[in-house]
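Student: Below is the sequence, then the predicted model.
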Amino acid sequence: MVQIQTFVFNPFSENTYLLSDETGEAIIIDPGCYDQAEYKELTDHIAANNLTPLKIINTHAHIDHVLGIAALKRKYNIPFYLHRLDEPVLKAVKSYASNYGFAVFDEPEIDHYLVEGESVTFGNTTLKVIFVPGHAPGHVAFVNDEQKFVIGGDVLFHLSIGRTDLPGGDHATLLSSIRTQLFTLPDEYQVFPGHMQSTTIGFEKKHNPFFR
Ligand SMILES: [Zn+2]
Ligand SMILES: [Zn+2]
């Protein structure tokens, strides 16, 4: 049974997810913790629940999703996974971090390039990697078929979709990713996005204003 713990971090109100199962093994997705209090909130939760983080995996590399990676890599000595096409997005963060009020950006090394169709595992749990570009060029999402959920990043939101005005963004590509990769999942699949509340595939197919 996968437990999904959500933390809302940094001034962008970014959702960082900590997934764990009955083995105590865990995976950290899109760690956006920036200040000491946020970092402590996440690491205290991990310690209090006796969890062992195995890896950090990212949906994409915009600043709000990558702020905590380097510090967590050092603390737990774990690898960081990202799609190759989002490497330039990660490399660009340094150049604009201070514009958003982040004085220091600790750029993490990428240890593994995520590939569409690959399975990422921890404990008894498997997450399947799907490729959903448009908001970012190397954006992926993580699907769990046993419990029917998707960790979706900034692709599909409750009654909205990701912005496409950032470098590497493309509106038509984003709509196509949602139609072909997300809306082909069964209606009951729950979507845990990079911002705001969770939703379901069926609800968004019916009510999302970008698809009516
Ligand atoms: Zn983003
Ligand atoms: Zn975001």
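Tutor: On my side now, so go ahead. Ligands and ions are numbered 1, 2, ... in the order given.
Student: Residues of this protein that sit close to ligand 1?
Tutor: Contact residues (CB under 5 Å from the ion) of the chain with ligand 1: 62, 154. Quick note: C-beta positions are derived from backbone N, CA and C, even for glycine.
Student: The chain: strands as residue ranges?
Tutor: For the chain, strands defined by DSSP state E occupy the ranges 3-9, 14-20, 25-29, 52-57, 80-83, 112-114, 119-122, 125-131, 140-144, 149-153, 156-157, 160-161, 190-193, 199-200.
Student: can you redo those as JSON lines with distance to residue 105 and mean neighbour count?
Tutor: JSON lines is the format used below for the strands of the chain (distance: least, CB to CB, whole Å; neighbours: other CB atoms under 10 Å):
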{"stretch": "strand 3-9", "distance to residue 105": "15", "mean neighbour count": "16"}
{"stretch": "strand 14-20", "distance to residue 105": "15", "mean neighbour count": "24"}
{"stretch": "strand 25-29", "distance to residue 105": "18", "mean neighbour count": "24"}
{"stretch": "strand 52-57", "distance to residue 105": "16", "mean neighbour count": "21"}
{"stretch": "strand 80-83", "distance to residue 105": "14", "mean neighbour count": "24"}
{"stretch": "strand 112-114", "distance to residue 105": "21", "mean neighbour count": "17"}
{"stretch": "strand 119-122", "distance to residue 105": "25", "mean neighbour count": "16"}
{"stretch": "strand 125-131", "distance to residue 105": "26", "mean neighbour count": "19"}
{"stretch": "strand 140-144", "distance to residue 105": "22", "mean neighbour count": "24"}
{"stretch": "strand 149-153", "distance to residue 105": "19", "mean neighbour count": "26"}
{"stretch": "strand 156-157", "distance to residue 105": "25", "mean neighbour count": "24"}
{"stretch": "strand 160-161", "distance to residue 105": "27", "mean neighbour count": "18"}
{"stretch": "strand 190-193", "distance to residue 105": "23", "mean neighbour count": "21"}
{"stretch": "strand 199-200", "distance to residue 105": "31", "mean neighbour count": "20"}
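Student: got the ones you listed as TSV, with distance to residue 210 and mean pLDDT columns?
Tutor: Below are the strands of the chain laid out as TSV (distance: least, CB to CB, whole Å; pLDDT from 0 to 100):
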stretch	distance to residue 210	mean pLDDT
strand 3-9	24	98
strand 14-20	20	98
strand 25-29	24	98
strand 52-57	27	98
strand 80-83	23	98
strand 112-114	26	98
strand 119-122	28	98
strand 125-131	19	98
strand 140-144	17	98
strand 149-153	15	98
strand 156-157	9	98
strand 160-161	5	98
strand 190-193	14	98
strand 199-200	13	98
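Student: Of all those, which one comes closest to residue 65?
Tutor: Residue 65 sits nearest to strand 14-20 of all these, at 6.0 Å, using CB to CB.
Student: between that closest one and strand 3-9, how many degrees?
Tutor: Using axes from the mean of the first three to the mean of the last three CA atoms, to 10 degrees, the direction of strand 14-20 lies 150 degrees away from that of strand 3-9.
Student: Now do strand 14-20: which elements does it pack against?
Tutor: Counting contacts by 3 or more CB pairs under 8 Å, 6 or more residues apart in numbering; DSSP states H and E, strand 14-20 is packed against strand 3-9, strand 25-29, helix 36-48, strand 190-193.
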